[in-house]
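> Here you go, sequence then predicted model.
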Protein chains: 2
Amino acid sequence: MLGRYLERIDAELERAVRGPDIPLYTMARYQLGQVEADGSPASADRGKAVRPTLCLLMCEALGGDLEAALPAAAGLELLHNFTLVHDDVMDDDETRRHRPTVWVVWGRPQAIDAGDLLHVLATLSVLRSGRNGASAPLARDATEVVMQGCRLVTEGQHLDLAFETAAQVGVADYLDMISRKSAALLAVAFELGAIFAGNDPATRTACRDYGRHVGIVFQIRDDMLGIWGDPAVTGKPVGADIQKRKKTLPILHALETAAEPDRTRLRAMFGDNETPPDVETTMAILKRAGSQSFTRDRIHDHATRASQALARLPVNPWGRRNLEAVAAYIATRDR
Amino acid sequence: MLGRYLERIDAELERAVRGPDIPLYTMARYQLGQVEADGSPASADRGKAVRPTLCLLMCEALGGDLEAALPAAAGLELLHNFTLVHDDVMDDDETRRHRPTVWVVWGRPQAIDAGDLLHVLATLSVLRSGRNGASAPLARDATEVVMQGCRLVTEGQHLDLAFETAAQVGVADYLDMISRKSAALLAVAFELGAIFAGNDPATRTACRDYGRHVGIVFQIRDDMLGIWGDPAVTGKPVGADIQKRKKTLPILHALETAAEPDRTRLRAMFGDNETPPDVETTMAILKRAGSQSFTRDRIHDHATRASQALARLPVNPWGRRNLEAVAAYIATRDR
């Protein structure tokens, strides 16, 4: 399934980043995995273009116009990559997909500018969706939906940065943050599919709900794997996120609800000090606080709500099967 | 003239940056001069909103629909401010309009994110122009024009950053850079005016030409004032840009065309060394190379082309008078 639209998406992305022969466009193509830093064709993996694929899957499931949706779908990938380029600058991350990040290769000022270019190319690509047979109202609606999603991602990134220095972050704050930072673009992906399949308001709402819950499940599953994932499958050490002092959902739950003296102990370990938290001690505290089952329940809760939204969708049997499989995979994946 | 639409523009800008009660929106409002860093109402100057004003002036001159154009006009101001926030991070600038820049107050990561928010709010504002009576095709066309302009600005910023480390930058490279970085948004401002005044292709082209040439004149006049401006009027020291080693048009002309030994001397002074160039020596070299009259000729040249474009425009007499005054002011201003 994940490869079904990849060739068309790649071709559309190639078109979207054409421009004058200046290094700025090489940076954009490098980020997308199309070229190496010197501009030569890339040998590396281009990525799976998950968001455009899910957009087109929903569109096809609803009997929509794939050609009309394609530039908007590609725009999602450009937008996602704009956020990655800027996030890497903000978080000082030096590696992405096994390659140096854009700012490591070209410096921070140029990387900020390259992110800005990807942002505007994303908008232009979505706007073009009105030219391939779809009408101007559809192009306008699509652009508005993508930009409202982009706005939520920007808010989510702000909250995520603010949490790093916040005295206390609650479970509710965290869920609000990931619903913006992680889930908003998935909600947009599915809603876009509905726009190019009749643009019915109720269908759009159901798509958005489905995508938002699937997106939250994705992030929480990520949080679980960061603590309880099998190192042989994830390729990461046991309790990887604990060592990085990441305040993910299970940790925040324990910080909020663990009994004493566990709570004080955990706060001390995850506070500002030099030694990373002890993985075994943290795991034991999480177990006593019931944080794993709390986290699992949240996944179950949002997966159920995703199913309920999907049930409301007038998708064809092929589409329903695939959308059910997507949700199930995301909730249970091991890496 | 500059105050004619300011109240309406300010009200539209207030609307455009409404959002959840998180510091991210305070950053955006601070950049726009609406509030102080602590969120209290700003006492400082809000800025003149030059781009929205010129957009609405052109729209009114062409007998267009000001209410329909207003959200697009406000979008230009948001877009301009997004580029300022990011430019200040890229250039390490600590002060803007007599206040600390956003990154100085909130740190670089949050400032990058605040710039991203202003970028997406700009797009959303332009898209809204389709809701105030104008039709979806106008909103789509307006958004496309603004985003193509934004793309040029991003390219111009890339070139400007690249010039800092380039071995040699020619006069032609420089003119190409400023036509993107400085002139593109002015061209967009006037073209937007035409979109909401009948959307005639020939009128749009003439507006774009007028704006581009006016924008180039603006930047070159800025370059002149940075070297030959009257300190009593500009508030800057004699030869301010020389001391900052800024490679503006007159300097690039002399670097390209001055006779020996002036050329070698100038290169040494503007190359990588610790003492700033000597202002008197540089001025003398510029005089011998004819760089001031070369620069003045470029202003005259682009001002003439702006006039020619204006002559093609079906504007009313009131509008023609004002647009002529705008071009004349920009070409001859003393600060």
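Looks like it arrived, so ask away.
> And the strands in chain A?
Applying DSSP state E to chain A gives strands spanning A:95-96, A:99-100.
> Count the neighbours of A:D93 for me.
Here the number of neighbours of A:D93 (other C-beta atoms under 10 Å in any protein chain shown) works out to 13. For every residue, glycine as well, the C-beta is placed using N, CA and C.
> Residues contacting stretch A:310-321, please?
A:57-58, A:60-63, A:202-203, A:206-207, A:210, A:323-324, A:327 (C-beta atoms under 8 Å, 6 or more residues apart in numbering or on different chains).
> now stretch A:325-333
Contacts for stretch A:325-333 (C-beta under 8 Å, 6+ apart): A:1, A:54, A:57, A:210, A:214, A:217-218, A:221, A:225, A:299-300, A:303, A:306-307, A:310.
> still on that earlier bit, with neighbour count and pLDDT added, can I get the contacts of stretch A:310-321 in JSON lines?
Listed next are the contacts of stretch A:310-321 as JSON lines, based on neighbours: other C-beta atoms under 10 Å in any protein chain shown; pLDDT from 0 to 100:
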{"residue": "A:L57", "neighbour count": "25", "pLDDT": "97"}
{"residue": "A:M58", "neighbour count": "31", "pLDDT": "98"}
{"residue": "A:E60", "neighbour count": "21", "pLDDT": "97"}
{"residue": "A:A61", "neighbour count": "25", "pLDDT": "98"}
{"residue": "A:L62", "neighbour count": "22", "pLDDT": "98"}
{"residue": "A:G63", "neighbour count": "12", "pLDDT": "96"}
{"residue": "A:A202", "neighbour count": "11", "pLDDT": "97"}
{"residue": "A:T203", "neighbour count": "22", "pLDDT": "98"}
{"residue": "A:A206", "neighbour count": "22", "pLDDT": "98"}
{"residue": "A:C207", "neighbour count": "32", "pLDDT": "98"}
{"residue": "A:Y210", "neighbour count": "28", "pLDDT": "97"}
{"residue": "A:L323", "neighbour count": "24", "pLDDT": "96"}
{"residue": "A:E324", "neighbour count": "14", "pLDDT": "95"}
{"residue": "A:A327", "neighbour count": "22", "pLDDT": "93"}
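> Filter those residues down to the ones in helices?
A:57-58, A:60-61, A:202-203, A:206-207, A:210, A:323-324, A:327 (DSSP state H).
> quick check, nearest of those residues to A:R267?
Comparing the ones in helices among the contacts of stretch A:310-321 against A:R267 with C-beta to C-beta places A:A327 closest, at 35.5 Å.
> follow-up on the earlier one: which one, of the strands of chain A, ends up nearest to chain B?
Ranking the strands of chain A by proximity to chain B (C-beta to the nearest C-beta) places strand A:95-96 first, at 16.7 Å.
> Pairing partners for that closest one, with directions?
strand A:99-100 (antiparallel) (DSSP bridges).
> count of residues packed around the single nearest residue of the stretch 151-300 of chain A relative to chain B?
At 4.0 Å from chain B, A:H158 is the closest residue in the stretch 151-300 of chain A, using C-beta to the nearest C-beta. When neighbours are defined as other C-beta under 10 Å, A:H158 has 26 of them.
> Tell me if I'm right that it and B:G115 touch.
No - between A:H158 and B:G115 there is no contact under C-beta atoms under 8 Å: 11.7 Å.
> and for these two, which residues touch both?
By C-beta under 8 Å, 6+ apart, no residue touches both A:H158 and B:G115.
> who touches the residue of the stretch 151-300 of chain A closest to chain B in this structure?
B:22-24, B:110, B:113-114, B:117.
> Of the residues you listed, just say which sits nearest to A:L6.
B:D113 (30.9 Å).
> shouldn't the closest one be in contact with B:L24?
Yes - using C-beta under 8 Å, B:D113 is in contact with B:L24, at 6.7 Å.
> Show me what from the stretch 101-250 of chain A comes close to chain B.
With C-beta under 8 Å from any C-beta of the partner chain as the criterion, the stretch 101-250 of chain A meets chain B at residues A:108-110, A:112-117, A:119-121, A:123-124, A:127, A:130, A:135-137, A:139-140, A:143-144, A:147-148, A:150-151, A:154-155, A:157-159, A:161-162.
> Any of these buried? List them.
A:108-110, A:112-117, A:119-121, A:123-124, A:127, A:130, A:136-137, A:139-140, A:143-144, A:147-148, A:150-151, A:154-155, A:157-159, A:161-162 (16 or more other C-beta atoms under 10 Å in any protein chain shown).
> Quick check: nearest residue in space to A:R265, chain neighbours excluded?
Of all residues not flanking A:R265 in the chain, A:I285 sits nearest, at 6.7 Å (C-beta to C-beta, 6 or more residues apart in numbering or on different chains).
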